[in-house]
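S.K.: fold the following for me, if possible:
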Amino acid sequence: MSKFIALILLSSISQIAIGQVVYKELIKFRFLDKVEAHYVGNLMTTSNPAQPAFDPVDEKYNKDSIIQIISKELDKYPFDVLRLSQLVEIIICDGVYFNDQNNQPTIRANGTYIYPVESGHVIFLDGYSYGLPKTLHHEFSSVLFNQVFDTDSLFRKIFLETESYFKKTTKYIEDSPNWIDDHKMDFPQNTDNKLVLRNDGYALTAFENDYNSIASSLFAPKNVKLIGEQLVDNEMDLWDFLKFARTEQYPIFYKVIKIINLYSHINPIFRMSYFQKMETYNN
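M.R.: Residues are numbered from 1 along each chain as shown. Okay, the predicted model is just below:
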C-alpha cells in the first residue's frame with residue numbers, strides 16, 4: 001500500500017482536538033471519542049493489512065493519569081530519538097479489536113501502529129490496560145526500527161543480520177509453510193525462556209513480535225513482570241535471568257544483546273547499563 005493511500009486513511013485522525021495535549025511539542029495525544037477502523041502495521045510490507053476496530057474511551061475515565069503514564073515512558077527516550085522516529089500521534093482507545101475467523105472484531109489487543117505515513121506515524125494504545133507502559137515500548141520499537149531501517153544504511157545492515165540470527169535460532173509460526181493468516185492470533189505455547197522472554201508464546205509468532213517483546217522488557221521490566229508476562233515462571237527479575245541465560249548460553253541472551261546493539265546504534269545512551277537501570281526506574 002502506498003504512502004499516499006496511508007495518508008488518506010489517516011486524514012480523519014490527524015485533526016487536532018480542542019484541548020489536546022502535545023508531548024514536548026512533538027507528539028499529539030488524542031483520546032478516541034467514537035469507534036474508528038484503520039489499516040495498521042507496516043503498510044509497505046503487506047498487500048493485505050489488518051483493519052481492526054478501535055473503541056472510544058469513556059468520558060469519565062482519568063485521562064490525566066493516562067497522559068502521565070505515557071509521558072513518563074516517553075521520557076525514557078532522548079528527544080532526538082523521538083524526533084527521529086517521526087511518531088507524531090498517540091491515540092488512546094478502549095481496546096484494539098482484530099477480526100476473528102468469522103471476520104468479527106472480537107480479538108482484543110493492547111496496541112498497534114501505522115507506518116509509513118507522510119504526515120508522521122501513529123500508535124494506538126488501550127488506555128485501560130495495566131500493561132500500558134510495556135505496550136507503548138512494544139509498538140514504538142516497530143515504528144522506530146522501521147523508520148531508521150528506511151533512512152540509515154548501516155542500521156539496515158545490522159538489523160538484517162539481527163533478523164537472520166533470530167530466525168536461525170527460532171522457528172516462528174509465520175514462517176511455517178502451514179501458517180494461515182486467519183490463525184495469526186493462535187500463539188504457540190512457550191515452555192521455557194531459552195529462546196524468548198514472553199511466557200504466552202506471542203514472541204514465537206514472528207521476528208517483529210519477538211523484538212517487540214524484548215523492547216518491552218528492556219524499557220519497562222517492572223511493568224512486564226507486574227502483569228505476569230515476562231518469564232514462564234515470572235519469579236526472576238529480567239537481568240538476574242539474563243545473567244543466568246548468559247551462563248547457560250541461551251539464545252535469548254544473545255538476542256537481547258543484539259536488540260540493545262540496534263538501540264545503541266540509534267543513540268549511544270542505550271547501553272546495557274542504561275537498560276539495567278530500568279529495573280530501578282519507578283514505573
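
S.K.: going forward, measure contacts and count neighbours with C-alpha atoms only.
M.R.: Noted.

S.K.: contacting residues for residue 270?
M.R.: Residues in contact with residue 270 (C-alpha atoms under 8 Å, 6 or more residues apart in numbering) are 260, 263-264.

S.K.: and residue 273, that's in a helix?
M.R.: Yes - assessed with DSSP: H, G, I helix; E, B strand; the rest coil, residue 273 lies in a helix.

S.K.: state the pLDDT value of it.
M.R.: At residue 273, the pLDDT value in this model is 97.

S.K.: count of neighbours near it?
M.R.: A count of neighbours around residue 273, defined by other C-alpha atoms under 10 Å, yields 9.

S.K.: same check, this time on residue 169
M.R.: Other residues near residue 169 come to 12 when the count uses other C-alpha under 10 Å.

S.K.: now residue 44
M.R.: By the criterion of other C-alpha under 10 Å, residue 44 has 13 neighbours.

S.K.: can you tell me which helix in the protein is longest?
M.R.: As assigned by DSSP state H, the longest helix anywhere in the chain is helix 132-151.

S.K.: run the chain-centre distance for that helix.
M.R.: Put simply, helix 132-151 sits 6 Å off its chain's centre (C-alpha atoms, centre = their mean, to the nearest Å).

S.K.: same check, this time on stretch 30-43
M.R.: How far stretch 30-43 lies from its chain's middle: 16 Å, per C-alpha atoms, centre = their mean.

S.K.: kindly report the same for stretch 221-241.
M.R.: For stretch 221-241, the distance to the chain centre is 17 Å (C-alpha atoms, centre = their mean).

S.K.: tell me which residues of stretch 43-50 are tucked away?
M.R.: Using 16 or more other C-alpha atoms under 10 Å as the test for burial, stretch 43-50 gives residue 43.

S.K.: meant to ask about stretch 112-131
M.R.: Those would be 112-117, 119-129, 131, for stretch 112-131 by 16+ other C-alpha under 10 Å.

S.K.: how about stretch 132-152?
M.R.: 132-149.

S.K.: over to stretch 81-90?
M.R.: Buried positions in stretch 81-90, judged by neighbour count with 16+ other C-alpha under 10 Å: 82, 85-90.

S.K.: which residues in the stretch 1-150 of the chain form strands?
M.R.: With strands called from DSSP state E, counting those that start in this stretch, the stretch 1-150 of the chain shows them at 21-23, 27-31, 36-37, 41-42, 53-54, 87-93, 96-99, 105-109, 111-115, 121-126.

S.K.: could you dump those into JSON lines with mean pLDDT and distance to residue 226 added?
M.R.: Output for those, formatted as JSON lines (pLDDT from 0 to 100; distance: least, C-alpha to C-alpha, whole Å):
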{"stretch": "strand 21-23", "mean pLDDT": "94", "distance to residue 226": "26"}
{"stretch": "strand 27-31", "mean pLDDT": "97", "distance to residue 226": "25"}
{"stretch": "strand 36-37", "mean pLDDT": "96", "distance to residue 226": "30"}
{"stretch": "strand 41-42", "mean pLDDT": "96", "distance to residue 226": "27"}
{"stretch": "strand 53-54", "mean pLDDT": "96", "distance to residue 226": "26"}
{"stretch": "strand 87-93", "mean pLDDT": "98", "distance to residue 226": "21"}
{"stretch": "strand 96-99", "mean pLDDT": "93", "distance to residue 226": "22"}
{"stretch": "strand 105-109", "mean pLDDT": "91", "distance to residue 226": "18"}
{"stretch": "strand 111-115", "mean pLDDT": "98", "distance to residue 226": "18"}
{"stretch": "strand 121-126", "mean pLDDT": "98", "distance to residue 226": "17"}
